[in-house]
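Build me a model:
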Amino acid sequence: MGGEDVPGRRSRGPGDLLPLTPAALNVLLALADGERHGYGIMLEVRERTGGSVRLGPGTLYGAIKRLKEGGVIEESGERPDPEADDERRCYYRLTGFGREVLAAEVERLDGLVRAARRKGAFPAPQPSPEGA
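Residues are numbered from 1 along each chain as shown. The predicted model follows:
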């Protein structure tokens with residue numbers, strides 16, 4: 001992620017961190033709908049991608065460290081169910097800035113896809129026939 005000059009200090013704007021690495025993007029997407037611990041992030045990414053993306057611990061925690069340093073995610077002191085949870089687990093959540101970064105990256109990627117379709121690189125998906 002570019003734009004980070006001093007660890008722990010947020011960049012000037014969301015665009016300064018783009019493009020995100022695939023690991024960082026997957027972490028942010030996993031956190032977009034709520035807090036998760038590391039293993040929960042790994043499971044969410046695997047499920048959302050149909051198993052095509054599997055973040056190993058080194059990749060996952062490296063991305064988490066960089067995202068925390070950039071002010072994109074933060075540790076949460078709250079636990080969804082403290083009695084059913086291991087107190088050693090660290091939960092993460094998007095910051096407000098993190099939501100801006102995720103939105104900027106989704107918009108950037110959407111623009112690339114639209115440009116590729118305009119160039120005829122690949123057609124837009126067609127709706128499936130009714131009853132199929």
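
Quick check: closest non-adjacent residue to the residue nearest to the spatial centre of the chain.
The chain has Leu28 as the residue nearest its centroid, 1.9 Å off, counting by CA atoms, centre = their mean. Closest residue to Leu28 apart from its sequence neighbours, by CB to CB, 6 or more residues apart in numbering: Leu102 at 4.5 Å. For every residue, glycine as well, the C-beta is placed using N, CA and C.

do Arg89 as well
Nearest non-adjacent residue to Arg89 (CB to CB, 6+ apart): His37, at 4.2 Å.

Touching, that neighbour and Glu87? I think so.
No. Using CB atoms under 8 Å, His37 is not in contact with Glu87, being 11.1 Å away.

ranges for the helices of the chain?
Remark: helices assigned in the chain by DSSP state H are 22-31, 38-48, 57-69, 96-118.

Can you tell me which of those helices is packed in deepest?
Across the helices of the chain, averaging neighbours per residue (mean count of other CB atoms under 10 Å) puts helix 22-31 on top, at a mean of 22.

Point out the other helices and strands that that one packs with.
helix 38-48, helix 57-69, strand 73-76, strand 91-94, helix 96-118 (3 or more CB pairs under 8 Å, 6 or more residues apart in numbering; DSSP states H and E).
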